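# Sharing a model that was predicted from the sequence below.
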Number of protein chains: 2
Amino acid sequence: MKRSERLVDMTKYLMERPHDLIPLPFFAKRYGAAKSSISEDLAILKHTLANNQDGILETVAGASGGVRYVPFWGKKHAQNYLTDLAARIEDPDRILAGGFVYLSDILGNPQDLEKIGKLIATRYAYSKIDVVMTIETKGISLAQAVARYLNVPFIIARKRSKVTEGATVSVNYISSSLDRVSKMELPTRVLNEHSNVLLVDDFMMAGGTLTGMQQLVREFDSNIAGICVLCEADFEDEKLIEGHLSLVKIKRVDGKKKVIIAEPGTIVAHTDYDRF
Amino acid sequence: MKRSERLVDMTKYLMERPHDLIPLPFFAKRYGAAKSSISEDLAILKHTLANNQDGILETVAGASGGVRYVPFWGKKHAQNYLTDLAARIEDPDRILAGGFVYLSDILGNPQDLEKIGKLIATRYAYSKIDVVMTIETKGISLAQAVARYLNVPFIIARKRSKVTEGATVSVNYISSSLDRVSKMELPTRVLNEHSNVLLVDDFMMAGGTLTGMQQLVREFDSNIAGICVLCEADFEDEKLIEGHLSLVKIKRVDGKKKVIIAEPGTIVAHTDYDRF
């Protein structure tokens, strides 16, 4: 196979398997090419990705070595996207009862999810995440988008019993928006002990739901590697969790005056972009 | 930019925007290259994808023309994957109460979702789908995976009222597994009139839930372009819908004897693979 064809196929192959270590002999065999040619191909791929600040190609030397594509989206890309996203969220038609904001269009748009997924996966690219966890329903698409770029499974806590998932572990938590004690649960078989878990959710008011997820993770003797939400309500003074990151901060929601004020959240300032 | 770099970038750019028509002048400008060079690049991309039976590159001639990447996964790939998937589903540990089958690991695995998404998106690649629709909770990851490859939004019907999505339309339907009348609803703003809707769900017993989704779509004066489920219970005689496709057929679930019998479903036989 010619270099030009190899480059097309290799780009596609690696993009479909983020974070997987692919041994060089695999490509050499796939293309009937010398390892030295494959190395040259990979060098082209690597600097093309780096020039666009959109992906890192890591080469691991040695007998058990190979190459790994790490989705990694540059700071400028992230900043531009979040500025645009915050502006879109300021649309007053998004205002819903109770200080909530309509986000279903964003959470159901593949182009947004791709950017959001890449952005969050960049922050946690080197955090050795084993699994992404969220709670039904609206966090699911976010979890899936992040899991795709980290190439790890995602799991879903439930707010009510489902007959179709077998035995579960449940915890109680204070749902601040509802101002009452709620219950959430996770099927026992979805999470192994000693897993490194990234929690994500679509919207955080005081963070009550996230405290429930934290408890659940502890029940499985697992570790929370990070907490990231799409939007956090910055007008909510009492925060029940700390150390979380957000993509967008909602500063104010005024249903009467029909005003939402939003700005980019904390994630970019807490991401190490010096990896390129 | 050199051809080798252009090919890497172009492959990535197109893969991230399935079904979008990209004008050739866009690439010519992006790479500072002549349109004739871009055309040669695209020819390489096209035959590399075709050789792998993994994607179609369509060139649209004329002033408003351009190039479009259509995710399209060959018949052999689909058959091999479904044979493997059916075998994995036959694991007796998946048996749950009520004839249900545990699928959360598959529905939360990015590598499976990628293949499932591509496979379903291939079937409906030329069906002019405007939106993919499912019902919470377990169909969501499936809908997202398909929507990603069709590059259209996906929307989620709810089984109970949510405060955070505004006005809704609701319908009643017979939930056969529960043997009672249930309610599902869809926020009014998520679906436009006269949309072409693809319904997907994780598991179909008699199809009661899908009849509810059909009703909802009709309430929005929209059209159902197709119905596709991951698994259908083939042992369920009474089917409430027709014309649906499935990836896997579950022939038998015997909780007592600890046996599940599964086989590839109907989708491959109903897909036109003569597009390459």
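Perfect, I can see it now. Numbering: from 1, shown residues only, chains lettered A, B, ... in the order given.
# Quick one: mean pLDDT for the longest helix along chain A?
Counting residues, the longest helix found in chain A (DSSP state H) is helix A:35-51. Helix A:35-51 shows a mean pLDDT of 96.
# what's the answer for stretch A:145-156, then?
Stretch A:145-156 shows a mean pLDDT of 98.
# list the buried ones in the helix or strand hosting residue A:212?
Here residue A:212, judged by DSSP states H and E, is contained in helix A:208-219. Neighbour-count burial for helix A:208-219, counted by 16 or more other C-beta atoms under 10 Å in any protein chain shown, picks out A:208-214, A:216-217. Yep, even glycine has a C-beta here, placed from its N, CA and C like the rest.
# And chain A, split by domain according to the record?
Listed domain ranges for chain A are A:3-72, A:74-270 (source: automatic domain parsing).
# sorry, back to before: tell me which of the buried residues of helix A:208-219 is nearest to residue A:109?
Each of these was scored against residue A:109 by C-beta to C-beta, and residue A:209 proved nearest at 23.1 Å.
# number of nearby residues for the nearest residue to residue A:123 once chain neighbours are set aside?
The shortest distance from residue A:123 to any non-neighbouring residue, by C-beta to C-beta, 6 or more residues apart in numbering or on different chains, is to residue A:271 (4.5 Å). The number of residues packed near residue A:271 is 20, by other C-beta atoms under 10 Å in any protein chain shown.
# wait, residue A:271 sits on residue A:121?
No. With contact defined as C-beta atoms under 8 Å, residue A:271 does not reach residue A:121; the gap is 10.6 Å.
# Show me what from the stretch 101-250 of chain A comes close to chain B.
Contact residues (C-beta under 8 Å from any C-beta of the partner chain) of the stretch 101-250 of chain A with chain B: A:102, A:104-105, A:108-111, A:113-114, A:136-138, A:140-141, A:144-145, A:147-148, A:151-156, A:158, A:162-166, A:187, A:189-190, A:203.
# so of the residues you listed, which ones are in helices?
Members of these lying in helices (criterion: DSSP H): A:104-105, A:110-111, A:113-114, A:140-141, A:144-145, A:147-148.
# What segments of the stretch 101-250 of chain A are strands?
For the stretch 101-250 of chain A, applying DSSP state E, counting those that start in this stretch gives strands covering A:131-135, A:154-157, A:168-175, A:180-187, A:196-204, A:223-233, A:245-254.
# Of all those, which one is nearest residue B:221?
Distance to residue B:221, taken as C-beta to C-beta, is lowest for strand A:196-204 among these, at 29.3 Å.
# next one: that closest one to chain centre, how far?
Mean-position distance between strand A:196-204 and its chain equals 8 Å (C-alpha atoms, centre = their mean, to the nearest Å).
# Can you spell out which helices and strands pack onto it?
strand A:131-135, helix A:140-150, helix A:208-219, strand A:223-233 (3 or more C-beta pairs under 8 Å, 6 or more residues apart in numbering or on different chains; DSSP states H and E).
# Residue A:196 and residue A:225 touch, don't they?
Yes. At 4.5 Å, residue A:196 and residue A:225 qualify as touching, with contact defined as C-beta under 8 Å.
# what sits in contact with each of the two?
With contacts defined as C-beta atoms under 8 Å, 6 or more residues apart in numbering or on different chains, the residues shared by residue A:196 and residue A:225 are A:127-129.
# most neighbours, which of these?
For the shared contacts of residue A:196 and residue A:225, neighbours were counted using other C-beta under 10 Å, and residue A:129 has the most, 21 neighbours in all.
# so how far is residue B:193 from that one?
42 Å (C-beta to C-beta, to the nearest Å).
# now residue A:219
Distance of residue A:219 to residue B:193, given as C-beta to C-beta: 47 Å.
# what do you get for residue A:265?
According to C-beta to C-beta, residue A:265 stands 35 Å off from residue B:193.
# Ok, residue A:31 next?
For residue A:31, the distance to residue B:193 - C-beta to C-beta - is 50 Å.
# Residue A:216 now?
42 Å.
# what's the answer for residue A:61, then?
Remark: distance between residue A:61 and residue B:193 (C-beta to C-beta) = 59 Å.
# where does chain A have low pLDDT?
For chain A, the stretches flagged by pLDDT under 70 are A:161-164, A:176-178.
# Pick out the residue closest to the middle of it.
Nearest to the mean C-alpha position of chain A, by C-alpha atoms, centre = their mean, lies residue A:146 at 2.9 Å.
# Show the contacting residues for that one.
Remark: with contacts taken as C-beta under 8 Å, 6+ apart, residue A:146 is in contact with A:116-117, A:120-121, A:124, A:132, A:154, A:198, A:200, A:228.
# The spatially closest residue to residue A:137 that is not a sequence neighbour and residue A:32: what is the separation?
In space, and not counting its chain neighbours, residue A:137 is closest to residue B:136: 4.8 Å by C-beta to C-beta, 6+ apart. As judged by C-beta to C-beta, residue B:136 and residue A:32 stand 48 Å apart.
# which one of the two has more residues nearby?
More crowded of residue B:136 and residue A:32, by other C-beta under 10 Å: residue B:136, with 17 against 9.
# which residues touch residue A:109?
Residue A:109 neighbours (C-beta under 8 Å, 6+ apart): residue B:153.
# and stretch A:179-190, which residues are buried?
A:182, A:184-187, A:190.
# Would you mind pulling the contact partners of that stretch?
A:133, A:135, A:155, A:157-161, A:165-175, A:209, A:212-213, A:216, A:220, B:102, B:104-105, B:108.
# Now, of those residues, which are buried?
Here, 16+ other C-beta under 10 Å leaves A:133, A:135, A:155, A:157-159, A:165-166, A:168-169, A:171, A:173-175, A:209, A:212-213, A:216, A:220, B:102, B:104, B:108 buried among those.
# Out of the helices and strands packed on strand A:196-204, the one nearest residue B:7 is which?
With C-beta to C-beta as the criterion, residue B:7 lies closest to helix A:140-150 of these, at 22.6 Å.
# hey, C-alpha coordinates of the closest one in PDB?
Extracted in PDB, the C-alpha atoms of helix A:140-150 (Å, rounded to 0.1, in the frame of the first residue of the first chain):
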ATOM      1  CA  ILE A 140     -26.000  10.400  29.800                       C
ATOM      2  CA  SER A 141     -25.100  12.000  26.500                       C
ATOM      3  CA  LEU A 142     -22.300  13.900  28.200                       C
ATOM      4  CA  ALA A 143     -20.900  10.800  29.800                       C
ATOM      5  CA  GLN A 144     -21.000   8.900  26.500                       C
ATOM      6  CA  ALA A 145     -19.200  11.800  24.700                       C
ATOM      7  CA  VAL A 146     -16.400  11.900  27.200                       C
ATOM      8  CA  ALA A 147     -16.100   8.100  27.400                       C
ATOM      9  CA  ARG A 148     -15.800   7.900  23.700                       C
ATOM     10  CA  TYR A 149     -12.700  10.100  23.700                       C
ATOM     11  CA  LEU A 150     -11.200   8.500  26.800                       C
END
